[in-house]
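Participant: Have a look; sequence and predicted model below, questions after that.
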Amino acid sequence: MFFSNGWNVQWIFRYGQTQLSHYHSKAHECMAVLSGAARIRFGVADTSEDLNENTYGSSWENGGIEVEGEAGDVFIIPAGVAHKTYNTRPEAEFKLLTPGTGHGIEAKDPKKALADIKLSGYTMMGAYSGGDWDFVKSGGDFEKVWSVAKPRYDPVFGDSKRGLCNTWRGSGKLQSAL
């Protein structure tokens, strides 16, 4: 479904307990939760390289928006929006589950490779629109962010007014759907 709507599925990861806050400057991201549950925080950067201090200690920054993500949820994150996943359940080790490096499904039959993955822990699938994804922890070139074209189709609803096509206007700015 994502592929047919112009969103390139790049990876399936099983997440560890926490990760560094980051953003993507060259692509919009769609994350689909495949198993488990976790907190996902949008809009705040981390202030330390220490994962535990950023999530559970004195380096935690207030602000942003937090949601509980669980199997079946889909999140669309415009380029430039910081995000991190933490408090994953059930707990498991961080691991790339798709063949390759996380920048595309490196298999003769990508659909079969995806279908053969055994889900465990908190897993998400990542798909991108606009270009190849990067992982920016701080700073970065926001000129790249503003030049990422808006997606032509919603990854789930295609060109239906139920999805992005009704809320994402202009060159790339997302109107609040909340």
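Facilitator: Done, it's in.
Participant: How about the contacts made by Glu70?
Facilitator: Each residue near Glu70 by Cβ atoms under 8 Å, 6 or more residues apart in numbering is listed here: 33, 36-37. In this view, the C-beta of every residue, glycine as well, is placed from N, C-alpha and C.
Participant: ok, whatever helix or strand Val67 lives in: who's next to it in the sheet?
Facilitator: Remark: Val67 resides in strand 65-70, with elements defined by DSSP states H and E. Sheet pairing of strand 65-70 (DSSP bridges) gives strand 37-42 (antiparallel).
Participant: Could I get the CA-only coordinates of the strand it pairs with as PDB?
Facilitator: Extracted as PDB, the C-alpha positions of strand 37-42 are listed here (Å, rounded to 0.1, in the frame of the first residue of the first chain):
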ATOM      1  CA  ALA A  37       3.500  -0.100  22.300                       C
ATOM      2  CA  ALA A  38       5.700   2.900  23.100                       C
ATOM      3  CA  ARG A  39       5.700   6.600  23.800                       C
ATOM      4  CA  ILE A  40       6.600   8.800  20.800                       C
ATOM      5  CA  ARG A  41       7.700  12.400  21.400                       C
ATOM      6  CA  PHE A  42       7.500  15.000  18.600                       C
END
